[in-house]
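S.K.: Sharing a model prediction with you, sequence too.
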Amino acid sequence: MHLLRYRLELFQSTGATTFAQYLLGTRSIATSDPANMEAILSTSFDDYGLGLRSPAFHPLLGSHGIFTQDGQAWKASRKTLRPVFSTTSSEEDGNFMAVKRCVEELAASIRQSGSDSRQRGKWTVDLQPLFFKLTFDTTLFLLFGEKVGSAADWRGVKDQESAFSRAFKTAQDYLAHRGRLGSYYWLLNDKAFREACRTCHQFVDEAVDKALRSIEDEKRDSSSYVLIDALAQKTQDRNVLRDQTLNVLLAGRDTTGCCLAWTFRLLARHRDTFNRLRNEVESVCALGVEATPLTRAQLLRDMPYLKMVIKEVLRLYPSVPANTRDAVRDTVLPTGGGPDGQQPVLVHAGERVGYSVYAMHRRKDIYGEDADLFRPERWSEQHLQSVGWAYLPFNGGPRICLGQEFALLEVYYTVARLIQLFPDMETPLGDAYMPEGEERQALTLVVSPADGCRVTMRERSAVVTR
């Protein structure tokens with residue numbers, strides 16, 4: 001539950017931003033240095049590969065998806081996936097319209113799943129599973145377009161989401177542990193893991209089959225780029241289609257869902273921040289259940305504090321807090337060696353380098369003495385305007401997240417719209433407060449609040465004047 005805090009304390013206790021570790025006689029290197037991350041992810045990109053990620057992750061993600069591929073196969077996958085996440089300035093863009101529709105469904109779910117105080121316009125609810133449902137649905141739209149949610153026979157597929165979600169979480173937990181075991185990943189392959197992978201595969205296989213059948217029956221708008229259409233033009237291999245679909249589901253559902261859960265958890269515990277953000281929303285549009293939803297232009301042009309809030313959430317809780325690369329040839333990291341820690345570090349071929357974005361984002365020499373605290377206003381300070389590689393919520397270099405613009409738009413809209421509809425929010429009475437970084441965390445391939453995101457929300461008519 002506190003693995004990230006333990007790793008952070010390792011960096012702090014050594015007083016170094018880069019150090020070597022030894023496990024069973026094998027050396028690896030850990031770093032939280034921006035210059036080293038730039039080298040690993042960009043300037044020395046060709047010196048590193050994914051190492052054992054492909055065989056370790058194969059039982060769930062297969063070998064034909066973008067997150068387990070290297071070289072030319074990875075480049076081909078990236079080229080195919082890029083148009084899926086492209087955004088336009090149009091309010092009628094299909095992806096944005098899908099987000100808006102799904103957020104309205106989420107708001108309805110809040111009213112249905114809250115506490116017994118519903119008659120007073122007040123709900124206490126765990127938002128985290130609702131956020132994962134939201135991002136699951138919007139990612140399905142990216143994958144399958146109008147084939148999801150509009151046809152009656154898709155309802156049965158969507159109703160399986162909770163079973164899929166449980167299996168996906170279980171399988172991810174195993175993948176995370178397999179990744180940490182290095183060359184001993186194969187030791188974790190028990191029945192629970194295999195059954196979780198089987199459940200995920202069955203769900204995706206059924207979805208892919210239905211989508212492929214609908215391609216044959218429908219005349220599609222040629223201006224709409226849907227992943228399953230693009231993939232089907234290249235191959236009918238069900239393993240390839242399954243693998244790419246699962247890879248995109250992992251990226252689209254989990255990372256964005258985690259960001260939303262952390263955002264509302266923090267807003268409920270930081271009243272001043274919430275009030276300032278609500279004031280910004282109200283300055284742009286009306287509040288209340290009858291309020292017109294914000295436009296894309298308003299989100300991107302008129303809400304600077306919203307952007308600072310999300311930027312701060314992703315600083316403290318980057319969706320992928322730690323990652324690794326394996327050297328494919330002898331190479332060097334630019335800093336971290338020598339008596340002063342400022343000299344290059346030799347990395348031998350085959351050695352693993354782990355880079356901790358979580359630890360780097362909490363470095364006090366970069367973000368100040370209050371780096372452990374949630375303070376969105378820090379992003380208006382001049383010294384952070386050129387923070388560069390010291391801020392990596394979406395990775396960097398050639399493998400930078402393809403979906404970051406869509407993910408941010410989805411987060412911006414969801415946060416602003418829920419504040420419109422529920423303009424007062426707080427931590428439920430009796431819930432314990434834990435400082436940032438000390439709460440229980442669920443760490444798989446992503447990091448989420450282990451205790452969920454419980455909040456008490458009120459509609460406009462029930463807002464209490466403070």
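M.R.: Looks like it arrived, so ask away.
S.K.: low-scoring stretches of the stretch 351-466 of the chain, by residue?
M.R.: 461-466 (pLDDT under 70).
S.K.: what about the strands in it?
M.R.: Along the stretch 351-466 of the chain, counting by DSSP state E, counting those that start in this stretch, strands occupy 352-356, 424-426, 441-443, 447-449, 454-458.
S.K.: Please identify which of those is closest to S165.
M.R.: Closest approach to S165 among the strands of the stretch 351-466 of the chain (C-beta to C-beta): strand 447-449, 12.0 Å. Yep, even glycine has a C-beta here, placed from its N, CA and C like the rest.
S.K.: re earlier: now the strands of the stretch 351-466 of the chain in CSV, please, with extra columns for distance to L140 and mean neighbour count.
M.R.: Putting these into CSV (distance: least, C-beta to C-beta, whole Å; neighbours: other C-beta atoms under 10 Å) gives the following:
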stretch, distance to L140, mean neighbour count
strand 352-356, 31, 22
strand 424-426, 28, 19
strand 441-443, 23, 18
strand 447-449, 20, 23
strand 454-458, 26, 21
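S.K.: Just put those strands in a markdown table and tack on distance to E290.
M.R.: Output for those, formatted as a markdown table (distance: least, C-beta to C-beta, whole Å):
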| stretch | distance to E290 |
| --- | --- |
| strand 352-356 | 46 |
| strand 424-426 | 17 |
| strand 441-443 | 37 |
| strand 447-449 | 32 |
| strand 454-458 | 16 |
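S.K.: I'd like to know which of those strands lies nearest to E377.
M.R.: Short answer: strand 424-426, nearest of those by C-beta to C-beta, at 19.5 Å.
S.K.: so what does the closest one touch, helix or strand wise?
M.R.: Counting contacts by 3 or more C-beta pairs under 8 Å, 6 or more residues apart in numbering; DSSP states H and E, strand 424-426 packs against helix 256-269, strand 454-458.
S.K.: As a markdown table, these with distance to W379 would be great.
M.R.: Converted to a markdown table, the helices and strands packed on strand 424-426 look like this (distance: least, C-beta to C-beta, whole Å):
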| stretch | distance to W379 |
| --- | --- |
| helix 256-269 | 14 |
| strand 454-458 | 24 |
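S.K.: Okay, V455 and R271: tell me how far apart.
M.R.: Distance, V455 to R271, by C-beta to C-beta, to the nearest Å: 12 Å.
S.K.: nope, L409 is what I was after
M.R.: 27 Å.
S.K.: More neighbours: these two, which one.
M.R.: Taking other C-beta atoms under 10 Å, L409 and R271 do not tie; L409 has more neighbours (18 against 14).
S.K.: contacting residues for that one?
M.R.: Counting by C-beta atoms under 8 Å, 6 or more residues apart in numbering, L409 touches 87, 96, 99, 296, 299-300.
S.K.: how about those residues in CSV, adding secondary structure, distance to L316 and pLDDT?
M.R.: Output for those, formatted as CSV (DSSP: H, G, I helix; E, B strand; the rest coil; distance: C-beta to C-beta, whole Å; pLDDT from 0 to 100):
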residue, secondary structure, distance to L316, pLDDT
T87, coil, 26, 61
F96, helix, 27, 88
V99, helix, 24, 92
R296, helix, 27, 91
L299, helix, 22, 93
L300, helix, 23, 92
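S.K.: now, which of those sits nearest Q21?
M.R.: Q21 has its nearest neighbour among those in T87, at 40.8 Å by C-beta to C-beta.
S.K.: now whichever strand or helix holds V345 against strand 352-356, angle please.
M.R.: Using DSSP states H and E, V345 sits within strand 343-347. Strand 343-347 and strand 352-356 are oriented at 130 degrees to each other (axes from the mean of the first three to the mean of the last three C-alpha atoms, to 10 degrees).
S.K.: same for strand 343-347, what does it pack against?
M.R.: Contacts defined by 3+ C-beta pairs under 8 Å, 6+ apart place strand 343-347 against strand 331-337.
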